[in-house]
Each structure stands twice: as C-alpha cells, then as structure tokens.
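K.L.:
Below are the sequence and a predicted model for it; my questions follow.
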Amino acid sequence: MKIVADENMPYVEALFTDIADITLVNGRKLTANQVKDADVLLVRSVTKVNQALIQDATKLKFVGSATIGTDHIDTDYLALRGIPFSNAPGCNATAVGEFVFIALLELAKKLQTQLKGKTIGIVGAGNTGTAAAKCLQAYGLKVMLCDPIKQAQGDPREFVSLDEIIAKADVISLHVPITKTGEHKTWYMFDEHRLAQLRPNTWLVNCCRGEVIDNRALINIKQTRSDLKLILDVWQGEPNPMAELVPLVEFATPHIAGYSLEGKARGTFMLYEKLCEVLAIEANKSLVNLLPSFQFNQLSANDGLSESDLLKLCRLVFDLRDDDALFRQYFSTPEGFDALRKQHTHRREFSALSLKVMANDAKSASNHCEKMLSALGFSQ
Ligand SMILES: NC(=O)c1ccc[n+]([C@@H]2O[C@H](COP(=O)([O-])OP(=O)(O)OC[C@H]3O[C@@H](n4cnc5c(N)ncnc54)[C@H](O)[C@@H]3O)[C@@H](O)[C@H]2O)c1
Ligand SMILES: O=C(O)[C@H](O)[C@H](O)COP(=O)(O)O
C-alpha cells in the first residue's frame, strides 16, 4: 500500500510506517502524476484536492487533511467517487486560542497599554473561537460571541449580532470558515463598508482565512485610520500577501496560528485513527508518546502576576515577536511565505508547562493567580 503525504506533516513516519510505504511530497506543488498510484493521500491546507489532481488515482481509498479548514478539498467529487475523507476538526483549536491571547498581550505591550479591561468580540464560535474565548475569559475579560449559525441551532451560549460586536467591542477576533455563498457567507465579511464602521482604536485580529477581510480595502482604510490596530496571521492571496499591507500591520505572521507541536501532532493522529478505521485495522499508537518533553518542565511563579509578567510567561511557550520579525524580512522573497511556515519552530501549548504558584500570603494558598493560570491551560 502507498501513502502520499505532505512533507510538512509531522509524525507521518512514526504513525504510518507499519501500515504502508510513505512518499513525502511538496503539498503546494503536488501533481496528478505523483498521486496516480497512491492508496492514501494525506494533505494540509495548501493542496487543492479536486478532480484534476486525483482523477487518475484509481486505487485511492482515503483522503485526509490534517486541518480544520476544508476549503481546499472538493468534497463533492470525493463523495461522487466514494472515497472516504476526513479532516481534523479541533486539532489546532487550542493553538489558535493561545495565539490570539498571546498576540493581544503583545499588542498591549507594544502600545504601552493594558489588555485587561477590554471587551472582546469573537466572530465564529466554533472550535477556535471558543478556545480563544476560553483564554480571554480566564484572564477576566468580557467576551461577546457572534455566530448566527450556532445560535439558530440552539447553542445555549449568549450571542450578539455582528453589528453589536462592531459597535461595542474593543477587540474583534475572526474565527469563521471561508464561504462564498449563502446567507452567512464570509468572503469579504469585512469589506470597505464594515471596515469603515469600526470604532476608534479597534484592534482587529484575523487568524481564520485571509479573504474574510478585503485586504485592499484594509490598506485603504489604514492610510487614514492609524488608530486601527491589526494582527494578521492569514492573508488574501496566500502565499503572496499584498506587500503594502504588511508595514500597516502591528503583528504579521505566516498562517501559523495553529502551529503548536501538539496541534500538528493531533492533526496527524486524528487521520491515523480515521485511516485505521477505514482499513479496519487496530490503531495501536499513542499520541502522548509522540511529543518530546518541553525544555522548561516545571516553573514556580509568585502570586500576583502583572500583565507584563504573564506575557513573559507566555513567551516561554511562544514568542510571537520572532515570527513577526522573520515574516517582515522574508515574506516577499521567492517562496518566502511557505519557507517561513515550513521552518517555523514549533511552539508548545500552555499545557506543556507545569506551574507552581508561590503564594505571597500563606492564607491565600489557593489563590486567584493559580486559578487563572489553570483556566488558561497551564498544567499544575
Ligand atoms: N490560522 C490558522 O492556523 C488556522 C488554524 C485553524 C483554523 N483556521 C481557520 O479558521 C476557521 C475556523 O476554525 P474552527 O475550528 O473554529 O472552525 P469551526 O467550524 O469549529 O467554527 C467556525 C464557526 O464559524 C461559524 N460561522 C460560519 N459563518 C459565520 C458567519 N457568517 N458569522 C459568524 N459565524 C459564522 C460557524 O457556525 C462555526 O461555529 C477554519 O475554517 C480555518 O479556515 C486557521
Ligand atoms: O485550517 C486549518 O486547520 C489551518 O488553517 C491550518 O493551520 C493550516 O495549516 P497547513 O495545513 O497549511 O499547514
């Protein structure tokens, strides 16, 4: 049996060697010829899986994408061919949630202000939006959720409209899939008109898909609205972001919000489990055994962490400034965007770090700080 897999999918060899021969390929440049004798195809978001790619792959019995998004997959064509498909919903939600939290702490630091006290609007309350809300609420921030689809499905959480988020939130973070049609389409959800409605000093975060914001309109509005602050992990036209936009952005990263080591491992592992199910074989590997130990195993923190202390702690698992600096230097070089993603030093999730909080006051041993760090996801 032959598995063709994206070379940027970690742990493929560790998980699939016992099942099949593995050929690793450049996912962005994958050709129909490379796939034609594959039994299994494992991709990431950069590979368009459609009729043109797989029509000659007559032996194909499974396609997996180690991603949350499925906009690169022609699922109708796969269904027509009767080829089972699985993505990896939720695999990198924690990574995205922590990315948003850390990026906002970084932005507050850069602007010499505080994140504490701000009201956050989350647009799209699925896996990643919920994970972001969890971190932000753990830090005591007021979070508003907008998700008309979940609301209509009877999700018991409280929801508000997008207009209310735009009118009331200090920070807006986007967590929707890219959809081009229908009542809730998200393509250019933030077009010229919506961008013009943003309140003074709004912080806008996009780590879902670039085309949810009209990037040309964003460039135009930033020319006159320096009060708007931007954190962009995703870009219209990847892998070629609009060069004029990058200097206008406070933090710029190459679509790596979901790139924690845990998130990537979870994505590959979910496909491993699914393929075992499809092939009716036992899944005898374990996810825990894949992950290396973290270099900072256990730390003690003093009670009463300031926002600045909290950011220092977060930087131990992920220092966003490194990715931002590399992005500005290399995004416009040939293949620079993809190289930055490939060479991204996989960060860990908060759970990799065990923290013991030393109470300043013996009476407050079970203190607020300990609870907050635990709710953020740090181990204890
Ligand atoms: N930057 C990254 O590294 C990264 C990582 C993971 C996911 N993503 C992207 O983020 C997207 C969201 O991921 P997820 O795991 O949260 O997906 P999800 O499917 O769990 O949640 C998406 C939510 O958006 C809601 N939604 C759809 N249209 C909406 C609209 N018009 N207004 C408000 N809400 C709307 C849906 O009802 C759903 O609850 C993915 O589709 C993917 O494109 C990016
Ligand atoms: O949709 C997703 O899951 C994310 O966008 C994912 O992080 C994309 O990463 P890629 O598959 O391109 O490595």
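P.N.:
Thanks, I have it. Ligands and ions are numbered 1, 2, ... in the order given.

K.L.:
and the lowest-mean-pLDDT helix or strand in the chain, which residues are buried?
P.N.:
Sorting the helices and strands of the chain by mean pLDDT, DSSP states H and E puts strand 298-302 at the bottom, at a mean of 80. Burial within strand 298-302, assessed by neighbour count using 16 or more other CB atoms under 10 Å, is assigned to residue 301. No exception for glycine: its C-beta is placed from N, CA and C like everyone else's.

K.L.:
quick one: that strand to chain centroid distance?
P.N.:
28 Å (CA atoms, centre = their mean, to the nearest Å).

K.L.:
Let me see the mean pLDDT of the very next helix or strand once past it.
P.N.:
Proceeding N to C from strand 298-302, the next assigned helix or strand is helix 307-317, under DSSP states H and E. Throughout helix 307-317, pLDDT has a mean value of 95.

K.L.:
Show me what counts as buried in stretch 221-235.
P.N.:
Buried residues in stretch 221-235 (16+ other CB under 10 Å): 221-222, 225, 228-235.

K.L.:
In contact with the closest residue to ligand 2 within the stretch 251-380 of the chain, which residues?
P.N.:
Taking CB to the nearest ligand atom as the measure, the point where the stretch 251-380 of the chain comes nearest ligand 2 is residue 258, at 3.3 Å. Residue 258 makes contact with 67-68, 91-92, 95-96, 99, 128, 207, 264 under the criterion CB atoms under 8 Å, 6 or more residues apart in numbering.

K.L.:
Same question for residue 170.
P.N.:
Contacts of residue 170 (CB under 8 Å, 6+ apart): 118-120, 199, 201-203.

K.L.:
Relative to ligand 1, how far out is it?
P.N.:
For residue 170, the distance to ligand 1 equals 19 Å [CB to the nearest ligand atom, to the nearest Å].

K.L.:
which residues touch stretch 291-307?
P.N.:
So stretch 291-307 is contacted by 105, 108-109, 114-116, 261-262, 265, 309, 313, 316-317, 348, 352-361, 364, 367, 369-370, 373 (CB under 8 Å, 6+ apart).

K.L.:
oh, I was asking about stretch 340-350
P.N.:
8, 10, 94-95, 98, 254-256, 259-264, 294, 314, 317-318, 322-323, 326-327, 330-331, 376-379.

K.L.:
Kindly give a single PyMOL line that selects the buried subset of the residues you listed.
P.N.:
To isolate in PyMOL the members of the contacts of stretch 340-350 that are buried, counting by 16+ other CB under 10 Å, one can use:
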select buried, resi 8+10+94+95+98+254+255+256+259+260+261+262+263+264+294+314+317+318+323+326+327+330+331+376+377+378
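
K.L.:
Out of the contacts of stretch 340-350, name the ones that lie in helices.
P.N.:
94-95, 98, 261-264, 314, 317, 322-323, 326-327, 330, 376 (DSSP state H).

K.L.:
how about the nearest residue to the residue nearest the centre of the chain, chain neighbours excluded?
P.N.:
For the chain, the residue nearest the mean C-alpha position is residue 258 (3.1 Å; CA atoms, centre = their mean). Leaving aside its chain neighbours, residue 258 sits nearest to residue 92 (3.1 Å; criterion: CB to CB, 6 or more residues apart in numbering).

K.L.:
Tell me how many other residues crowd the residue of the stretch 101-250 of the chain found nearest ligand 1.
P.N.:
Residue nearest to ligand 1 within the stretch 101-250 of the chain: residue 126 (1.8 Å; CB to the nearest ligand atom). By other CB atoms under 10 Å, 19 other residues sit near residue 126.

K.L.:
Distance check, residue 121 against residue 297.
P.N.:
As defined by CB to CB, to the nearest Å, residue 121 lies at a distance of 37 Å from residue 297.

K.L.:
Among the two, which residue is more densely surrounded?
P.N.:
Each of residue 121 and residue 297 has its neighbours counted (other CB under 10 Å); residue 121 has more, 24 against 10.

K.L.:
Residue numbers of this protein in contact with ligand 2?
P.N.:
Contacts of the chain with ligand 2, taken as CB under 6 Å from any ligand atom, map to 8, 44-46, 67-69, 92, 258.

K.L.:
In those, which residue is surrounded by the most others?
P.N.:
residue 92 leads the residues of the chain next to ligand 2 on contacts (other CB under 10 Å) with 26 neighbours.

K.L.:
all helices of the stretch 51-200 of the chain, in order?
P.N.:
Per DSSP state H, counting those that start in this stretch, the stretch 51-200 of the chain carries helices over the ranges 51-54, 75-81, 93-110, 127-138, 148-152, 162-168, 192-197.

K.L.:
So which of the ones you listed is the most surrounded?
P.N.:
Compared across the helices of the stretch 51-200 of the chain, helix 93-110 shows the largest average neighbour count, a mean of 24 (mean count of other CB atoms under 10 Å).

K.L.:
rewinding a little: give the partner strands of the least confident helix or strand of the chain in its sheet and their orientations.
P.N.:
strand 354-358 (parallel) (DSSP bridges).

K.L.:
which residues touch the partner strand?
P.N.:
Counting by CB under 8 Å, 6+ apart, 297-303, 313, 367, 369-370, 373, 378-380 sit against strand 354-358.

K.L.:
to the chain's geometric centre, what's the distance from that strand?
P.N.:
With CA atoms, centre = their mean, you get 27 Å for strand 354-358.

K.L.:
try stretch 202-210
P.N.:
11 Å.

K.L.:
Then stretch 65-72?
P.N.:
Worked out by CA atoms, centre = their mean, stretch 65-72 lies 11 Å from the chain centre.

K.L.:
Kindly report the same for stretch 156-172.
P.N.:
21 Å.

K.L.:
Now that stretch: average pLDDT?
P.N.:
For stretch 156-172, the mean confidence score works out to 98.
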